[in-house]
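**Q** Need coordinates for the following:
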Amino acid sequence: MMSTLLVVVIVLAIAFDYINGFHDAANSIATVVSTKVLTPAMAVLWAAIFNFAAYFYFTDHKVANTIAKTVLEEYITLEVIFAGLLAAIGWNLFTWYYGVPSSSSHTLIGGFAGSGMAYAFILGADPIHAINIDATLKIIAFIVLAPIIGMTISVIITLIVINLARKSRPSVAEKWFKILQLISSAALSFAHGGNDAQKVMGIILVAMVAGGYVPTTEHMPEWIPLTCYAAISAGTMSGGWKIVKTMGTKITKVTPLEGVCAESAGAVTLGITEHFGIPASTTHTITGAIIGVGVVKRVSAVRWGVTISLLWAWILTIPVSALLGGLSLLVVHYLL
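**A** Residues are numbered from 1 along each chain as shown. Predicted coordinates for the structure are as follows:
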C-alpha cells in the first residue's frame, strides 16, 4: 500500500499537470481565438482533444526521462519532490493570476532542482552536486534557443506561404487560412500535450522510485502517462483567458495566415525538441513563433516592450522557482 506522502505527491503532481493545462492552453489557442476562427469555448475543447491524442503517439517518454534525471537519485526523497511541487504550483498560479505567460516546464524543473539542492545542503553536501549539470545546462540553453528556433522557423514558413499565396484573391485566401489554422492549432496542441504531459510523468515516476514502488526510472507503469495526458487535457478545457490576451494580441496582431505560420512553427519546434528529449517551453516556443510572423510584416509590428517584459519573466522563472523549492523543502523538513 502506498504511503500517505506518496499519495499526496502524486495528487499534487496531477494538480500541477491540470494547472499546466489551463496555464498553457493559451499557447495553442491564442491565435485561433484572436483571429476569430473558433470561439474560446470551442478552441479549448479542440486543444484538449489533441492534447490527449498525443498519448497514443509519444510512447518513448524521452522528455519524462530527462526530467526524472534533473536531480541525482541520492538526493531525491518524497519530501524533496513534495517541496518542489509546492513551489511550482505556487509560481504557476501567481503568473497565471497576473496574466504572465511564463513557462510551466521551467517552473517545475526549477522547483524540483531547488528542493534537491536544499536537501543536499541539509546533508552537508555541496548543493550544486545535487543536480545533473548536463541535463540542467541543456534545459537552460533552450530558454534562449527555443524561442529563437521557433522564430526562425516561423519566418521561413511565413515567407514561403506569402510567396505561394501572393496571387490568390484575399477573400479566398483568408477562407483557406482559417481552415488551415484549425489544422495548425491542432498540431500545436498535439505537440504541447506530448511535450508537457511528459514533464509531470517524470516527476511521478521518480516519486514512485523514491517510495520504493518502482525499481528504476526505466520502468514506467502505464497508468502514469494515461493519467497525465488526461489531467493536462482537462486543464486545457478550463482555459487561461488572461494569457490568451497577451499571446494573441499584445505581442503583435495576428491574421489567419500568420496564425497558421506561427502555430506550424511552434509544432515543428516542439516536435524537434521532444525527439531529442529536451523539455523545451511551449510558452517560449510559440512566443518566438508569433514574434517571427510579426517581424516578417515589419519589425515595428512587434510590441517589443511587451516582449522584454516576457523575457524578464522567463529569466526569473527557474531561479525564483528554485528559491521557492529550497525554502519549501526547509519548511517541510524542519517544521512538518
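
**Q** What are the boundaries of the helices in the stretch 101-250 of the chain?
**A** Under the criterion DSSP state H, counting those that start in this stretch, the stretch 101-250 of the chain contains helices at 104-122, 133-165, 170-210, 223-238, 241-245.

**Q** looking at these, which is buried most?
**A** Ranked by mean neighbour count, the helices of the stretch 101-250 of the chain are led by helix 104-122 with a mean of 28 (mean count of other Cβ atoms under 10 Å). The C-beta positions use only the backbone N, C-alpha and C, and glycine is treated the same way.

**Q** from the chain's centre, how far out does stretch 155-166 sit?
**A** Remark: stretch 155-166 is offset 28 Å from the chain centroid, using Cα atoms, centre = their mean, to the nearest Å.

**Q** what's residue 106 in contact with, if anything?
**A** Going by Cβ atoms under 8 Å, 6 or more residues apart in numbering, residue 106 touches 139, 143, 281, 314, 317, 318, 321.

**Q** Go ahead and confirm the second one touches residue 315.
**A** Yes. With contacts defined as Cβ atoms under 8 Å, residue 143 counts as touching residue 315 at a distance of 7.5 Å.

**Q** and residue 64, which of the helices of the stretch 101-250 of the chain is closest to it?
**A** Counting by Cβ to Cβ, residue 64 lies closest to helix 170-210 out of the helices of the stretch 101-250 of the chain; the figure is 3.9 Å.

**Q** which other helices and strands contact the closest one?
**A** The elements that helix 170-210 packs onto, with contact taken as 3 or more Cβ pairs under 8 Å, 6 or more residues apart in numbering; DSSP states H and E, are helix 4-34, helix 40-53, helix 62-68, helix 78-97, helix 104-122, helix 223-238, helix 256-275, helix 282-297.

**Q** Make a markdown table from these and add mean pLDDT to it.
**A** Shown next, in a markdown table, are those (pLDDT from 0 to 100):
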| stretch | mean pLDDT |
| --- | --- |
| helix 4-34 | 81 |
| helix 40-53 | 86 |
| helix 62-68 | 82 |
| helix 78-97 | 87 |
| helix 104-122 | 89 |
| helix 223-238 | 89 |
| helix 256-275 | 87 |
| helix 282-297 | 82 |
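
**Q** I'd like those helices laid out as JSON lines, including distance to residue 184.
**A** Below are these laid out as JSON lines (distance: least, Cβ to Cβ, whole Å):
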{"stretch": "helix 4-34", "distance to residue 184": "8"}
{"stretch": "helix 40-53", "distance to residue 184": "11"}
{"stretch": "helix 62-68", "distance to residue 184": "22"}
{"stretch": "helix 78-97", "distance to residue 184": "25"}
{"stretch": "helix 104-122", "distance to residue 184": "22"}
{"stretch": "helix 223-238", "distance to residue 184": "17"}
{"stretch": "helix 256-275", "distance to residue 184": "4"}
{"stretch": "helix 282-297", "distance to residue 184": "10"}
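
**Q** among these, which is nearest residue 165?
**A** So among those, helix 256-275 is nearest, using Cβ to Cβ, at 7.0 Å.

**Q** Return the alpha-carbon coordinates of that closest one using PDB.
**A** In PDB, the C-alpha atoms belonging to helix 256-275 read as follows (Å, rounded to 0.1, in the frame of the first residue of the first chain):
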ATOM      1  CA  PRO A 256      -5.200  33.800 -40.000                       C
ATOM      2  CA  LEU A 257      -2.200  33.400 -42.400                       C
ATOM      3  CA  GLU A 258       0.100  34.500 -39.600                       C
ATOM      4  CA  GLY A 259      -1.700  32.200 -37.200                       C
ATOM      5  CA  VAL A 260      -1.100  29.200 -39.400                       C
ATOM      6  CA  CYS A 261       2.600  30.000 -39.800                       C
ATOM      7  CA  ALA A 262       3.200  30.700 -36.000                       C
ATOM      8  CA  GLU A 263       1.300  27.500 -34.900                       C
ATOM      9  CA  SER A 264       3.100  25.400 -37.500                       C
ATOM     10  CA  ALA A 265       6.500  26.700 -36.500                       C
ATOM     11  CA  GLY A 266       5.700  26.100 -32.800                       C
ATOM     12  CA  ALA A 267       4.500  22.500 -33.600                       C
ATOM     13  CA  VAL A 268       7.700  21.800 -35.600                       C
ATOM     14  CA  THR A 269      10.000  23.200 -32.900                       C
ATOM     15  CA  LEU A 270       8.300  21.200 -30.100                       C
ATOM     16  CA  GLY A 271       8.500  18.000 -32.300                       C
ATOM     17  CA  ILE A 272      12.200  18.500 -32.700                       C
ATOM     18  CA  THR A 273      12.900  19.100 -29.000                       C
ATOM     19  CA  GLU A 274      10.700  16.100 -28.000                       C
ATOM     20  CA  HIS A 275      12.600  13.900 -30.400                       C
END
